[in-house]
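In: Attaching a predicted model along with its sequence, questions to come.
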Amino acid sequence: MTKLRALAAAQEAYERAKAADASVVTEAERVELVSLASDFPRLWRDPRTEMKEKKRMLRLLIEDVTLTKGDALHVDVRFVGGATRSLDLPLPKSCVELRTTDAEVIKEIDRLIDTYTDGEIADVLNERGVRTVVTTPWTAARIGGLRAIYHLTDRRTRLLAQGLLTPEDVAGRYGVVLSTVHLWRRRGLLRAHPTDDRGNYLYEIPPEDLPAKYAHKREYQVEPVTSSQNALRGAV
């Protein structure tokens, strides 16, 4: 009997202590929850609120969260006190998707190839404030890499399709050596379009007053074509 009375007394003391502890915790949580209910958005957005404090805020408000993955991410949230809320969110992007250049940027690069070299395209995108997927500046190498990945026709191929001539074609047409063709370009006797950032060009054929051998020694000149002039002519 003595042991039974001692056990009963211990059990009663435990229940009283448990009730007392629960009462204190519940009251403290109630005060914090009431405060958070009106102040939560401000505290959450405050840059001075540390991540550990945000986690503590969530623990005070949310009992548990259940995630169900399908075509979308279904979220069931159960709040302290019994209230629930369900959300359907798009699935997070994979690492590959996060590092994939936006389709609209690819379309713009494809359009710019008609007028600019890879390096010039990089300069245009940087000036416009267009960001790469890794937030580093655009470079000629990055543009060239995207051209290869997305099978965009390069500038040289496009210009050849428009009927422009290679330096070898020009030399053969006029019976001169390549150095003369380059000299004609530098003197402005031929309209030349850059195909890349390494100093390679394709050439228009002047409709009249064609250069002849030793034409670079004459007085007349033809104004060279620049990429900016190409852009203006394309706009017209």
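Out: Cool, the structure landed.

In: Let me see the domain layout of this protein.
Out: Using automatic domain parsing, the domain parsing of the chain gives 2-89, 101-152, 162-235.

In: Contact partners for residue 62?
Out: Taking C-beta atoms under 8 Å, 6 or more residues apart in numbering, we find residue 62 in contact with 77, 78, 79, 80. For the C-beta atoms, the positions are set from N, CA and C on the backbone; glycine is no exception.

In: Export these as a markdown table, with columns for neighbour count.
Out: Conversion of those to a markdown table gives the following (neighbours: other C-beta atoms under 10 Å):
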| residue | neighbour count |
| --- | --- |
| 77 | 15 |
| 78 | 14 |
| 79 | 13 |
| 80 | 14 |
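
In: Now that we have the residues you listed, can you turn them into TSV and tack on pLDDT?
Out: TSV is the format used below for the contacts of residue 62 (pLDDT from 0 to 100):
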residue	pLDDT
77	85
78	85
79	79
80	75
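
In: ok, so of those, who is nearest residue 157?
Out: residue 77 (55.4 Å; C-beta to C-beta).

In: could you turn the helix or strand hosting that closest one into PDB, dropping everything but the C-alphas?
Out: Under the criterion DSSP states H and E, the helix or strand holding residue 77 is strand 73-79. Extracted in PDB, the C-alpha atoms of strand 73-79 (Å, rounded to 0.1, in the frame of the first residue of the first chain):
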ATOM      1  CA  LEU A  73       4.100  21.300 -56.100                       C
ATOM      2  CA  HIS A  74       1.100  21.000 -53.800                       C
ATOM      3  CA  VAL A  75       1.600  22.400 -50.300                       C
ATOM      4  CA  ASP A  76      -0.600  21.800 -47.300                       C
ATOM      5  CA  VAL A  77       0.200  24.100 -44.400                       C
ATOM      6  CA  ARG A  78      -1.200  23.500 -40.900                       C
ATOM      7  CA  PHE A  79      -0.900  26.500 -38.500                       C
END
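
In: which element follows it toward the C-terminus?
Out: Moving toward the C-terminus from strand 73-79, the next helix or strand (DSSP H and E) is strand 84-89.

In: angle of that following strand against strand 73-79?
Out: Orientation of strand 84-89 against strand 73-79 (axes from the mean of the first three to the mean of the last three C-alpha atoms, to 10 degrees) gives an angle of 160 degrees.

In: Which strands or helices does strand 84-89 pack on?
Out: Here strand 84-89 touches strand 73-79, going by 3 or more C-beta pairs under 8 Å, 6 or more residues apart in numbering; DSSP states H and E.

In: Can you tell me the strand partners of the strand it packs on and which way each runs?
Out: strand 62-69 (antiparallel), strand 84-89 (antiparallel) (DSSP bridges).
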